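**Student:** What shape does this take:
(2 chains)
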Amino acid sequence: MAYKQHFIEWFSGKQLPSYLVNTLSGSASHGMSDEIDGGFKTTCPNSTHGGIEINFNSTNTNTGNIRQYDLSSSTVIGVVKKTDLPTTGWLGVGCADNRNLGTDAANNYSCKYHQSASAYVQGRSGDGTNTTDISSTLTMDTNFHSYKSESLGAKILYTMDGSLQVTKTTNMPTGKGNPSMRVGMNTAHSGGSTAQIRYMEAYNT
Amino acid sequence: MTKSIYDQLNASGTVAKQRVVETFSGSILDTDRWNTTFNGNGTTAMADEVDGGLKLTSSDNASGAYMINFNDKRQYSNSGCECIFVGKRTTTTNAQMLGGFSSSTALTGDVIAVKDFTGNTYKQLVYAKNGSWGTAINTTVAIDVNFHNHKITLSSSSGTLSIDGLTAVTNSSDNLPDSALQPFFYSGETSGASASIISQIRYMECYNT
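**Tutor:** Numbering: from 1, shown residues only, chains lettered A, B, ... in the order given. The predicted structure follows:
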């Protein structure tokens, strides 16, 4: 079998690699963390629907998407943490066909935190029209966890810290996507919302 | 079936700690990842040589030195980390190569590293805490200008160096780093004479354990 597209990032070094672009909605702060095991730290702006995303989008518009991954046959793994838990905060790591992993209209899949929607980490997917979530049994916290989303066409498997937590068969994404990590908020929150990531891997299967 | 690199590096159910892998192959040094620190200018360049990796050349000033590091982004734990690098000292006189972990970009804080110095007979394990250097420990590997695989293993109670997997020396007595660390590689002048010093590196991997 010929080698398929495969991407790996360790988030260790002086600064974020320039091939991972921050897609911004409002002003935000971010940088490589000067902490043991800290990875890359990013804080979204304090505004309604404020968000910050790292992905392969080169222009911060949807014409700049670089999408090398098959949304119906790919896997994304992220080691991330929600550094804080504001009540309206949002964190996702997965794959989407545009520059906004949180958009309901996107073809997308991800593991996600959404404090105002569920107390549990969720598996999310969208088919370009509707995006829906299924909760795991894992409560949200502020520790690093590994999240693996495997899109297999007819279903998506969401494995969290090595345990298969969610199997989802509705709103399956199609088309091409780019790996993404997004932190955001539904409504304004003083200080924004912060997340960290120290590993990301994506590959077609 | 495509397998993830993650699952090959980490036992099922474990959350991966910080890691970096650098292969020093391409047209230029990845300056998103690496910071350069120097005394008296100097250069880095990818070597146009088979297995050449990255070439660090210090300035020809007296005490000239050139280092790559993470600009004080210290993500590696003094209580449990490892550094593997394949490097060499290229210049044959009045020269030293250092590689490993440091808490600062000037080697003035905590350090654990391998040293190949033309004034010595053997390659050494060197270490410092808060700028205070302990007594360097000789390995049984003679200094040379060949590439070697160096592996440094650090815990809160000991630091070990092995070279090419065949020999190991351990410091478990004093001056071990007690703060967070970053990887580094260094090429420097040792005599005060005016000469450019070259060292090369073609692989580095660091991770918390």
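**Student:** CA atoms for contacts and neighbours, from now on please.
**Tutor:** OK.
**Student:** residues in chain A within reach of chain B, list them.
**Tutor:** A:10-18, A:32-39, A:77, A:79, A:144-146, A:160-163, A:198-199, A:201, A:203-205 (C-alpha under 8 Å from any C-alpha of the partner chain).
**Student:** Pull out the buried residues from those.
**Tutor:** The neighbour count (16 or more other C-alpha atoms under 10 Å in any protein chain shown) marks A:10-17, A:32-39, A:77, A:79, A:144-146, A:160-162, A:198-199, A:201, A:203-205 as buried among those.
**Student:** Where in chain A is the helix or strand with the lowest mean pLDDT?
**Tutor:** strand A:21-25 (a mean of 72; mean pLDDT, DSSP states H and E).
**Student:** Can you list the strands that the very next helix or strand once past it pairs with?
**Tutor:** Note on strand A:21-25: by DSSP states H and E, the next helix or strand toward the C-terminus is strand A:29-32. Applying DSSP bridges to the sheet, strand A:29-32 is found paired with strand A:40-44 (antiparallel).
**Student:** Would you mind extracting the C-alpha trace of the strand it pairs with into CSV?
**Tutor:** Output in CSV follows, covering the C-alpha atoms of strand A:40-44 (Å, rounded to 0.1, in the frame of the first residue of the first chain):
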residue,chain,number,x,y,z
PHE,A,40,1.7,25.3,23.0
LYS,A,41,-0.6,27.5,24.9
THR,A,42,-3.3,29.7,23.4
THR,A,43,-5.9,32.0,24.9
CYS,A,44,-8.9,33.0,22.9
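**Student:** The helix or strand that that strand is followed by to strand A:40-44, inter-axis angle?
**Tutor:** Using DSSP H and E, the next helix or strand after strand A:40-44 towards the C-terminus is strand A:51-55. Put simply, strand A:51-55 runs at 140 degrees to strand A:40-44, going by axes from the mean of the first three to the mean of the last three C-alpha atoms, to 10 degrees.
**Student:** Dump the C-alpha coordinates for strand A:51-55 into PDB.
**Tutor:** What follows is strand A:51-55, C-alpha atoms only, in PDB (Å, rounded to 0.1, in the frame of the first residue of the first chain):
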ATOM      1  CA  GLY A  51     -12.000  31.800  19.200                       C
ATOM      2  CA  ILE A  52      -8.500  30.900  18.200                       C
ATOM      3  CA  GLU A  53      -7.600  27.900  16.100                       C
ATOM      4  CA  ILE A  54      -4.400  26.300  14.800                       C
ATOM      5  CA  ASN A  55      -4.800  24.600  11.500                       C
END
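**Student:** so what does it touch, helix or strand wise?
**Tutor:** Contacts defined by 3 or more C-alpha pairs under 8 Å, 6 or more residues apart in numbering or on different chains; DSSP states H and E place strand A:51-55 against strand A:21-25, strand A:40-44, strand A:176-185.
**Student:** residues in contact with that strand?
**Tutor:** A:20-26, A:28, A:42-45, A:99-101, A:178-185 (C-alpha atoms under 8 Å, 6 or more residues apart in numbering or on different chains).
**Student:** what stretches of chain B score poorly on pLDDT?
**Tutor:** Low-confidence segments of chain B, defined by pLDDT under 70: B:1-2, B:192-193.
**Student:** can we see that at 90?
**Tutor:** For chain B, the stretches with pLDDT under 90 are B:1-3, B:38-42, B:59-65, B:166-168, B:173-174, B:189-196.
**Student:** what does it have sitting close to chain A?
**Tutor:** B:1-2, B:4-6, B:12-21, B:31-35, B:69-77, B:180, B:208.
**Student:** Which among those residues count as buried?
**Tutor:** The neighbour count (16+ other C-alpha under 10 Å) marks B:4, B:6, B:15-21, B:33-35, B:69-77, B:180, B:208 as buried among those.
**Student:** Setting the sequence-adjacent residues aside, check what's closest to A:T137.
**Tutor:** Leaving aside its chain neighbours, A:T137 sits nearest to A:Y120 (6.3 Å; criterion: C-alpha to C-alpha, 6 or more residues apart in numbering or on different chains).
**Student:** Quick check, pLDDT for that neighbour.
**Tutor:** A:Y120 is assigned 95 on the pLDDT scale.
**Student:** What of A:S18?
**Tutor:** Here the pLDDT value assigned to A:S18 is 89.
**Student:** So it is in contact with B:R33, correct?
**Tutor:** No: here A:S18 does not reach B:R33: they are 9.6 Å apart, not a contact under C-alpha atoms under 8 Å.
**Student:** Quickly list what the residue most central in space within chain A is bridged to.
**Tutor:** Computing the C-alpha centroid of chain A and ranking residues by C-alpha atoms, centre = their mean puts A:V93 first, at 1.9 Å. Beta bridges link A:V93 to A:C111, A:M181, judged by DSSP bridges.
**Student:** For it, give its distance to chain B.
**Tutor:** Distance of A:V93 to chain B, given as C-alpha to the nearest C-alpha, to the nearest Å: 15 Å.
**Student:** Check A:A106 too.
**Tutor:** To chain B, A:A106 is 25 Å away according to C-alpha to the nearest C-alpha.
**Student:** likewise A:E150?
**Tutor:** Distance of A:E150 to chain B, given as C-alpha to the nearest C-alpha: 11 Å.
**Student:** neighbours around that residue, how many?
**Tutor:** Neighbour count of A:E150, defined by other C-alpha atoms under 10 Å in any protein chain shown: 25.
**Student:** In terms of helices and strands, where is it?
**Tutor:** Following DSSP H and E, the helix or strand that holds A:E150 is strand A:145-151.
**Student:** for that strand, packing partners?
**Tutor:** Judged by 3+ C-alpha pairs under 8 Å, 6+ apart, strand A:145-151 is in contact with strand A:74-82, strand A:107-114, strand A:156-160.
**Student:** Distance from the chain centre to the helix or strand following the second one, please.
**Tutor:** Using DSSP H and E, the helix or strand that directly follows strand A:107-114 along the chain is strand A:120-127. Between the mean C-alpha point of strand A:120-127 and the mean C-alpha point of its chain there is a distance of 11 Å (C-alpha atoms, centre = their mean, to the nearest Å).
**Student:** what does stretch B:152-168 give?
**Tutor:** 13 Å.
**Student:** I would like the residues contacting it, please.
**Tutor:** Residues contacting stretch B:152-168 (C-alpha under 8 Å, 6+ apart): B:78-84, B:100, B:112-114, B:125, B:139-141, B:148-151, B:169-173, B:176-178.
**Student:** Buried only: go through the residues you listed for me.
**Tutor:** For the contacts of stretch B:152-168, a burial check counting by 16+ other C-alpha under 10 Å picks out B:78-84, B:100, B:112-114, B:125, B:139, B:141, B:148, B:150-151, B:169-171, B:176-178.
**Student:** Before I go, just wanted to say thanks for your time.
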